[in-house]
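[1] What follows is a predicted structure for the sequence shown.
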Amino acid sequence: MQPPSESTRFEEAGRFVEYVGTGKLRDKKVLITGGDSGIGRSVAVLMAREGADITIVYLPEEQVDADDTKKMIENEKRQCHLFAGNLAERETCRKAVEAHMKTFGRLNVLVNNASKQYMVKDFADTDLDKTEDIFRCNILQMIAVTKFALPHLNKGDSSVITVAEL
């Protein structure tokens, strides 16, 4: 029999505790692309727990996930603005930043997290049209959102965090 995993040992020992925020992001304003689920949701909720107000940019078909994430952020006693749109469209990137600024008035942290993937078992079966779509959705939108956000990011008081996936 193999020994239990580390997390199981911690849980058994009573040392696995819920993260408690300490106000490191108190009143900071954060825009997160792809913040409705997965890594983006975790980042959004934990940043809210640290005191940040959050804008989440998500695909319209992910409305249920976005609504759930908004509730989680509001449970942390922080504000959450939802912006639905397809970031593969350059204009949506600009509008997402504008909507955040209209809602919160400033931008302290940009988290580029939105991405998509297509799985293939054999690299030889790679569809080049889908590959181009991945670059548009994962790379070009990240550059566009950052470009539109830059005028709102103050030197010494802001961060751009990028989660990249190809």
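    Arrived safely. Residues are numbered from 1 along each chain as shown.
[2] hang on, isn't residue 95 packed against residue 85?
    Yes: using Cβ atoms under 8 Å, residue 95 is in contact with residue 85, at 6.6 Å. The C-beta positions use only the backbone N, C-alpha and C, and glycine is treated the same way.
[3] Backbone torsions only: list them for the closest residue to residue 118 other than its chain neighbours.
    Nearest non-adjacent residue to residue 118, counting by Cβ to Cβ, 6 or more residues apart in numbering: residue 130, 4.6 Å away. Dihedral angles phi and psi of residue 130 (degrees, to the nearest 10) take the values phi -70, psi -40.
[4] how deep is residue 130 tucked in, by neighbour count?
    Other residues lying near residue 130 total 12 when counted by other Cβ atoms under 10 Å.
[5] try residue 121
    For residue 121, the count of nearby residues is 6 (other Cβ under 10 Å).
[6] Quick check, pLDDT for it.
    Residue 121 is assigned 93 on the pLDDT scale.
[7] Going forward, the N-terminal residue is numbered 4.
    Okay, using 4 as the starting number, the last item reads as residue 124.
[8] Regarding residue 58, what is its secondary structure?
    strand (DSSP: H, G, I helix; E, B strand; the rest coil).
[9] This completes my enquiry, with thanks.
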